[in-house]
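[1] this one's structure only:
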């Protein structure tokens with residue numbers, strides 16, 4: 001943060017306090033389903049068996065199961081609070097921002113994402129600000 005021009009001081013002297021959360025959640029998309037055939041038990045070899053004439057297909061539908069599509073949602077959220085030790089009033093959020101991290105986020109990518117998000121500090125940031133490669 002110092003390299004980005006922020007002046008870091010002890011909490012007792014700070015005008016603002018910052019918190020960062022890393023989101024990593026699995027989200028089900030109920031609008032899209034994946035249908036897969038269910039495994040069928042092999043036929044029993046004991047007892048009487050039914051045979052079909054050669055070349056004919058069974059008319060019984062194969063059982064299947066539908067499941068919602070699941071995807072990973074990763075992101076970084078920054079919160080900036082006023083410091084009640086240096087400002088009158090209670091502890092309040094004065095700014096927040098969010099940036100999408102994509103499917104994977106290495107330590108280097110997380111650092112770049114936080115740096116990008118800090119570039120929006122003080123600006124309205126209500127949506128995702130995706131990092132461009």
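    Right, received. Where do you want to start? Everything numeric in this text was worked out from a predicted model, so none of it was measured.

[2] next up, the contacts around the closest residue in space to residue 74 that isn't next to it in sequence.
    Once flanking residues are discounted, residue 74 sits nearest to residue 101: 4.0 Å by Cβ to Cβ, 6 or more residues apart in numbering. From N, CA and C alone the C-beta is placed, and that goes for glycine too. When contacts are counted by Cβ atoms under 8 Å, 6 or more residues apart in numbering, residue 101 touches 22-23, 74-76, 109-110, 113.

[3] what's around residue 12, how many residues?
    Using other Cβ atoms under 10 Å, residue 12 is surrounded by 8 other residues.

[4] C-terminal to the longest strand along the chain, what's the next element?
    Looking across the chain with DSSP state E, the single longest strand is strand 16-37. Proceeding N to C from strand 16-37, the next assigned helix or strand is strand 64-82, under DSSP states H and E.

[5] what are the buried residues along that next one?
    For strand 64-82, burial by neighbour count (16 or more other Cβ atoms under 10 Å) applies to 74-76, 78, 80-82.

[6] ok and that strand relative to strand 16-37, angle-wise?
    Compare the direction of strand 64-82 with that of strand 16-37 by axes from the mean of the first three to the mean of the last three Cα atoms, to 10 degrees and you get 180 degrees.

[7] can you name the residues that contact the closest residue to residue 12 other than its chain neighbours?
    In space, and not counting its chain neighbours, residue 12 is closest to residue 85: 5.8 Å by Cβ to Cβ, 6+ apart. Taking Cβ under 8 Å, 6+ apart, we find residue 85 in contact with 11-12, 14.
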